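[1] quick one, structure for this:
(one chain, ligands or ions: 1)
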Amino acid sequence: MTALLRFDDLTLGYRRHPAVHHLSGAVREGSLTAVVGPNGAGKSTLLKAIVGTLKPLEGRIALDGIDRRDIAYLPQQAEVDRSFPIGVLDTVLLGHWRRVGVFGGIGRRRHEEALAALAAVGLAGFERRPIGALSAGQFQRVLFARMLLQDARLILLDEPFTAIDARTTADLLAVVRRWHGERRTVVAVLHDLEQVRAHFPETLLLAREPVAWGPSAEALGPANLLRARAMAEAWDDDAPACRRPPRSAA
Ligand SMILES: Nc1ncnc2c1ncn2[C@@H]1O[C@H](COP(=O)(O)OP(=O)(O)OP(=O)(O)O)[C@@H](O)[C@H]1O
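    Have a look, this model is predicted:
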């Protein structure tokens, strides 16, 4: 197995309060992994640490053979500011920034790639619309089109289908399958367990600590789901710090 991403006794948190404890394991290159767990389980926190916006409290994240510019990251919808006055096509063209730089010119080929990406997500004809005038589902399609241009080796999606209708979800799941077919590595935070079982071969079940990580059918078995729920019910958000020592000190 070639690991693209490794977690080594990783602990993440905010102002010294751990939100993810002692996570170890690897994400295989070309794999399609769901991250599942109750609210507050640390799923978004984990993606932020992979992108590099949050530094580990303990342990480390190793990227094997890629750097952070090879990562495309789709944050939760609530975190994306849509008040910026920019149109659909220009938003998609931003997907080229890694190759052309902020001040680089967009040639005809890049322009055509952007139009093709918009067509691939079912938004041909929307090029001039301001992003503020799109529905939530249409805007999610725009963000997927932008990621199509990014040509990233690791794609991180935080709840990409929350508040998105069934038709749009099916179309965007097809884009995820396309990435998987291109041997890109995809990690997605998801809440719909049926969707995970149907479309995501591997699952990390997280409840601040890893509960299970492996083939989705096993990781999402009833005993693991019960354990994750029981762990969530026992959370104490005022706990001062992690009680378990790091592995190296054990
Ligand atoms: N910026 C922050 N500052 C302080 N605490 C935070 C911050 N962001 C998240 N947390 C806390 O970290 C814990 C994990 O949050 P996180 O958003 O990673 O959970 P999640 O699994 O993505 O949840 P959800 O399913 O609700 O999106 C929670 O207790 C949350 O309150």
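
[2] nearest residue to His22 other than its sequence neighbours?
    Asp9 (5.7 Å; CB to CB, 6 or more residues apart in numbering). The C-beta positions use only the backbone N, C-alpha and C, and glycine is treated the same way.

[3] same check, this time on Ala228
    Nearest one to Ala228, counting by CB to CB, 6+ apart, is Ala207 at 4.2 Å.

[4] SS state for the residue nearest to His22?
    strand (DSSP: H, G, I helix; E, B strand; the rest coil).

[5] next one, pLDDT for it please.
    Per-residue pLDDT puts Asp9 at 96.

[6] ok, Arg247 next?
    57.

[7] just use 28 as the starting number from now, easier for me
    Done: numbering now begins at 28, and the last item shifts to Arg274.

[8] show the contacting residues for Asp219.
    By CB atoms under 8 Å, 6 or more residues apart in numbering, Asp219 lies in contact with Phe188.

[9] what about 10 Å?
    Ala61, Val63, Glu186, Phe188, Thr189, Thr196, Ala225, His226 (CB atoms under 10 Å, 6 or more residues apart in numbering).

[10] and which of these is nearest to Gln103?
    Closest to Gln103 out of those is Glu186 (5.2 Å), distances taken as CB to CB.

[11] I'd assumed Gly64 was in contact with the closest one.
    No - taking contacts as CB atoms under 10 Å, Glu186 lies outside contact range of Gly64: 11.8 Å.

[12] quick check: neighbours shared by the two?
    By CB under 10 Å, 6+ apart, the residues touching both Glu186 and Gly64 are Lys70, Val216, Leu217, His218.

[13] weed out the non-buried ones from those residues.
    The neighbour-count test (16 or more other CB atoms under 10 Å) marks Lys70, Val216, Leu217 as buried among the shared contacts of Glu186 and Gly64.

[14] please narrow those residues to those residing in helices.
    Lys70 (DSSP state H).

[15] pipe the buried ones among the shared contacts of Glu186 and Gly64 into TSV and attach pLDDT and distance to the ligand per row.
    Output for these, formatted as TSV (pLDDT from 0 to 100; distance: CB to the nearest ligand atom, whole Å):
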residue	pLDDT	distance to the ligand
Lys70	97	4
Val216	98	6
Leu217	97	10
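
[16] quick one: residues contacting Asp97.
    Counting by CB under 10 Å, 6+ apart, Asp97 has contacts Leu31, Leu90, Arg125, Gln177, Asp178, Ala179, Arg180, Leu181, Ile182, Arg211, Thr212.

[17] one step back: out of Glu186 and Gly64, which sits in the busier spot?
    Gly64 (27 against 21; other CB atoms under 10 Å).

[18] show the subsequent helix or strand relative to the worst-scoring helix or strand of the chain on mean pLDDT.
    Scoring the helices and strands of the chain by mean pLDDT, DSSP states H and E places helix 124-127 at the bottom, with a mean of 67. Sequence-wise, the next helix or strand downstream of helix 124-127 (DSSP states H and E) is helix 135-147.

[19] so what touches that next one?
    115-123, 126-127, 131, 133-134, 150-154, 168-169, 171-178, 198, 201-202, 205.

[20] just the buried ones from the residues you listed?
    If we count by 16+ other CB under 10 Å, these have these buried: 115-116, 118-120, 122-123, 150, 153, 168-169, 171-177, 198, 202.

[21] out of the residues you listed, list just those in helices.
    Those of these lying in helices (DSSP H): 115-116, 118-120, 168-169, 171-177, 198, 202.
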